[in-house]
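> pasting the sequence and the predicted coordinates here, then a few questions.
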Amino acid sequence: MPQPSQKSQKSPKSPNVPERVEHFDVLIVGAGISGVGGAKHLRDQCPGKTFVVLDALESYGGTWLTHKYPGIRSDSDLYTFGYRFKPWTNAPIASAEAILDYMGEVIAENGLAPHIRYRHWIDSAAWSSQTNLWTVDAHRTDTGERFRFTTRFLWMCQGYYDHAKGHTPEWKDMALFRGTIVHPQSWPADLDYENKQVLVIGSGATTATVVPAIAAKTAHTTVLQRSPTYFLPAPNVNELADLLRTLQIDETWIHEIVRRKILHDQDLFTKRAREESDTVKKELLDAVRAYVGDEEVERNFTPKYRPWQQRLAFVPEGDLFKGILAGKASVVTDEIDRFTEKGVLLKSGRELVADIIVTATGFDLSILGNIAFTIDGEPLALNDTITYRGMMFTGVPNLLWIFGYFRASWTLRVDLLADFVCRLLNHMDRIGAKKIEVALRPEDEGLPKLPWIDPDNFNPSYLMRAMNALPKRLDRPEWQHTQDYWREKTAIPAIELDGKEFVYR
């Protein structure tokens, strides 16, 4: 494996600029599920390339490292959330600890550790058309030491969470509350919720994880939701995988067979959710009704939107609903008027008393890692660009962003786009190109510029809040993030790298 090349360049003598500048062919931002997967593919498919992975955290894992709230687990099955190249052998819905162990094995088995640098916070990234290089300035989060890197290609794998803090709305009179307010993304290790009245605000996947994990120990846990979410209760097993194991089938085969079966079923479900929405809605509500009965479903578990307009929350073994049946948890559907000293006052006039309030109200989107980007000295206005398949942007050279799927596992796109990056880099070497940029073709000029995602198709709050900062799309598959893995798994490998949309220099 080639060692990273280094070069010394003279820089202005300033405490903010390091004397030594390191150069890599590829710089990967983030050592989460995207960055680790990308590094593995790059090492295999572009063995001559030098690369480094920078991450602001103290270790690998991204979301699975920063989120430490009770019960933290995946909401996608690990047969598809796991990488295509490494079999998953445990329960489909996995704990953060199990996912971190899996990622650690990928790093160890593929010799990636020497390429990853932790506690490196990236402050800025500047592209120069004179050198055809990105200059990346970073600093150590523990020592303050500054670093400068140059790279031919910038691969943004930072995920989509802003890890610094979660999203908490500003409710009236929050400062009056005498108890503790906690966002799951910043869960204190010493938070004592035993025998306490806990109020969880929110109705998504985080709530479905936290509540079953804490309810048995609390005096009572109340879920306050503005509107219901669709839930899918099911056993945390994969019967096909278990059957194949009894037949002593090799785990690599099991992983591929089960992965394909799940993807087939998900594709069918997604189509049905769009074409037979009333039928699918009834099926989902009936699954919840089997646990909590008609009255509870009508009052608290019937969403106003159609299935899959927002992400579906999986509930393994129906654990959320078991807590409700046991009397340890309850759900209230209402809106907050204001906070009080004892809890929150609802618009209905009812007061919910609590010792601890958990704001499971989502997260803020991290758009290109919130890094200060410049192109030839000009600040990058990403919202003025047009996206190429949700991964590249007009006017932004030698950069690719991994942004995954909403209705399928994020990692599916990691594998797909990693193949594309490696194919693109190898193609650039063959033709002697130093710069790649996407540009509208003549037939694309004049088409209306539309929001990043069609809100009628998918409209979670975190995405709607960030829509004005995201790139635009056109009403053509090439110029949008289709969110359709089943189309992209064929379309992306078939991209013609000498197509009119690619401009090389």
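Received it, and whenever you're ready, just let me know what you need.
> so Val182 bridges to which residues?
Val358 (DSSP bridges).
> could you check how far it is from Val200?
10 Å (Cβ to Cβ, to the nearest Å). (Each C-beta comes from the backbone N, C-alpha and C, glycine too.)
> between these two, point out the one with more neighbours.
Per other Cβ atoms under 10 Å, whichever of Val182 and Val200 has more neighbours is Val200, with 27 against 22.
> on the three-state scheme, the more buried one is what?
Classification of Val200 by DSSP: H, G, I helix; E, B strand; the rest coil places it in strand.
> can you list the buried residues in stretch 416-434?
Leu416, Leu417, Ala418, Phe420, Val421, Cys422, Arg423, Leu424, Leu425, Met428, Ala433 (16 or more other Cβ atoms under 10 Å).
> name the nearest residue to the last one, ignoring sequence neighbours.
What that stands for is Ala433. Using Cβ to Cβ, 6 or more residues apart in numbering and skipping the chain neighbours, the partner closest in space to Ala433 is Tyr504 (3.9 Å).
> check contacts around the one you found.
Met428, Ile431, Ala433, Lys435, Ile436 (Cβ atoms under 8 Å, 6 or more residues apart in numbering).
> what's the most distant pair in these?
Ile431 and Lys435 (11.4 Å; Cβ to Cβ).
> how far away is the residue nearest to Ala433 from Glu378?
22 Å.
> can you tell me how far Gln130 is from Arg505?
12 Å.
> so Gln238 is in contact with Ala94, correct?
Actually, residue 238 is Asn rather than Gln. No. The pair Asn238 / Ala94 is not scored as a contact, 11.8 Å apart, by Cβ atoms under 8 Å.
> ok, back up a step: looking at Gln130 and Arg505, which is more packed in?
Arg505 (10 against 6).
> just give me the neighbour total for the residue lying closest to the more buried one once chain neighbours are set aside.
Leaving aside its chain neighbours, Arg505 sits nearest to Lys435 (4.3 Å; criterion: Cβ to Cβ, 6+ apart). Neighbours of Lys435 under the rule other Cβ under 10 Å: 16.
> again, but for the one 3 residues further on
Applying other Cβ under 10 Å, we find 23 other residues in the vicinity of Val438.
> Ala138 too?
Ala138, neighbours per other Cβ under 10 Å, totals 24.
> dump the C-alpha coordinates for the helix or strand that it is a member of into CSV.
Taking DSSP states H and E as the definition, Ala138 sits inside strand 133-140. C-alpha atoms of strand 133-140 as CSV (Å, rounded to 0.1, in the frame of the first residue of the first chain):
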residue,chain,number,x,y,z
LEU,A,133,-6.1,21.7,-5.9
TRP,A,134,-8.3,22.0,-2.8
THR,A,135,-6.5,23.5,0.2
VAL,A,136,-8.0,22.3,3.4
ASP,A,137,-7.3,24.0,6.7
ALA,A,138,-8.0,22.1,10.0
HIS,A,139,-7.2,22.2,13.6
ARG,A,140,-6.9,19.7,16.4
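> strand partners (parallel or antiparallel) of that strand?
By DSSP bridges, strand 133-140 pairs with strand 120-128 (antiparallel), strand 146-156 (antiparallel).
> tell me the buried residues in the longest one?
Along strand 146-156, these residues count as buried under the neighbour rule (16+ other Cβ under 10 Å): Phe147, Arg148, Phe149, Thr150, Thr151, Arg152, Phe153, Leu154, Trp155, Met156.
> so where's the longest helix in this protein?
Counting by DSSP state H, the longest helix found in the chain is helix 251-275.
> name the residues that touch it?
Contacts of helix 251-275 (Cβ under 8 Å, 6+ apart): 77, 79-80, 82, 84, 86-89, 238, 240-241, 244-245, 249, 279-280, 306-308, 407-408, 412, 485-486.
> same thing with stretch 60-67?
Counting by Cβ under 8 Å, 6+ apart, 30-36, 55, 57-59, 72, 96, 99-100, 103-104, 107, 116, 118, 158-159, 161, 163, 184-185, 187 sit against stretch 60-67.
> just the strands from the stretch 151-300 of the chain, written as ranges.
All strands of the stretch 151-300 of the chain, identified by DSSP state E, counting those that start in this stretch, fall at 161-166, 180-182, 197-201, 220-225, 231-234.
> and Thr385, which of the ones you listed is closest to it?
strand 161-166 (20.6 Å).
> what mean pLDDT does the closest one get?
For strand 161-166, the mean per-residue pLDDT is 82.
> before we move on, what about stretch 395-403?
The model assigns stretch 395-403 a mean pLDDT of 97.
> distance from that stretch to the middle of the chain?
Distance, stretch centre to chain centre, for stretch 395-403: 17 Å (Cα atoms, centre = their mean, to the nearest Å).
> same thing with stretch 219-233?
The answer for stretch 219-233 is 22 Å, by Cα atoms, centre = their mean.
> end-to-end on it?
Length of stretch 219-233, first residue to last, Cα to Cα, to the nearest Å: 25 Å.
> ditto for stretch 189-204
OK, stretch 189-204 end separation, Cα to Cα: 22 Å.
> so where do the helices sit in the stretch 251-400 of the chain?
Along the stretch 251-400 of the chain, the segments classed as helices by DSSP state H, counting those that start in this stretch run 251-275, 277-292, 294-300, 319-325.
> same question, the stretch 51-200 of the chain
Using DSSP H, counting those that start in this stretch, helices in the stretch 51-200 of the chain cover 63-66, 78-81, 96-109.
> got the buried residues for the last one?
I take that to be helix 96-109. Neighbour-count burial for helix 96-109 [16+ other Cβ under 10 Å]: Ala96, Ala98, Ile99, Leu100, Tyr102, Met103, Val106, Ile107.
> right, and the last one touches Ala113 too?
Yes. With contacts defined as Cβ under 8 Å, Ile107 counts as touching Ala113 at a distance of 5.5 Å.
> and His41, what does it touch?
Applying Cβ under 8 Å, 6+ apart, the residues near His41 are Asp415, Ala418, Asp419, Val421, Cys422.
> could you rerun that using 7 Å?
Ala418, Asp419, Cys422 (Cβ atoms under 7 Å, 6 or more residues apart in numbering).
> among those, which are in helices?
Ala418, Asp419, Cys422.
> of those residues, closest to Thr50?
Closest approach between these and Thr50, by Cβ to Cβ: Cys422, at 14.2 Å.
> could you find the closest non-adjacent residue to the closest one?
Gln45 (3.6 Å).
> ditto for Phe51
Per Cβ to Cβ, 6+ apart, closest to Phe51 is Val26, 4.2 Å.
> what's the burial count for that neighbour?
Neighbours around Val26, by other Cβ under 10 Å: 23.
> tell me the pLDDT at the closest residue to Gly32 other than its chain neighbours?
In space, Gly32 comes closest to Gly62 once its chain neighbours are excluded; the distance is 2.4 Å by Cβ to Cβ, 6+ apart. If you check Gly62, the pLDDT there is 94.
> relative to Gly104, how far out is Gly62?
Taking Cβ to Cβ, one finds Gly62 at 13 Å from Gly104.
> how does this structure divide into domains?
Per the record, the chain has its domains at 20-163+365-504, 168-361, by automatic domain parsing.
> on the pLDDT front, check the residue nearest to Arg505 for me.
The model's pLDDT for Lys435 equals 98.
> check Leu325 too.
Taking Leu325 on its own, its pLDDT is 89.
> just checking, Ile93 touches Ala313?
No. Here Ile93 does not reach Ala313: they are 11.3 Å apart, not a contact under Cβ atoms under 7 Å.
> quick check: phi and psi at Ile495.
phi -60, psi 130 (degrees, to the nearest 10).
> any idea how far the closest residue to it other than its chain neighbours is from Tyr405?
Setting aside the residues directly before and after it, Ile495 is nearest to Phe420 in space (Cβ to Cβ, 6+ apart), at 6.7 Å. For Phe420, the distance to Tyr405 (Cβ to Cβ) stands at 15 Å.
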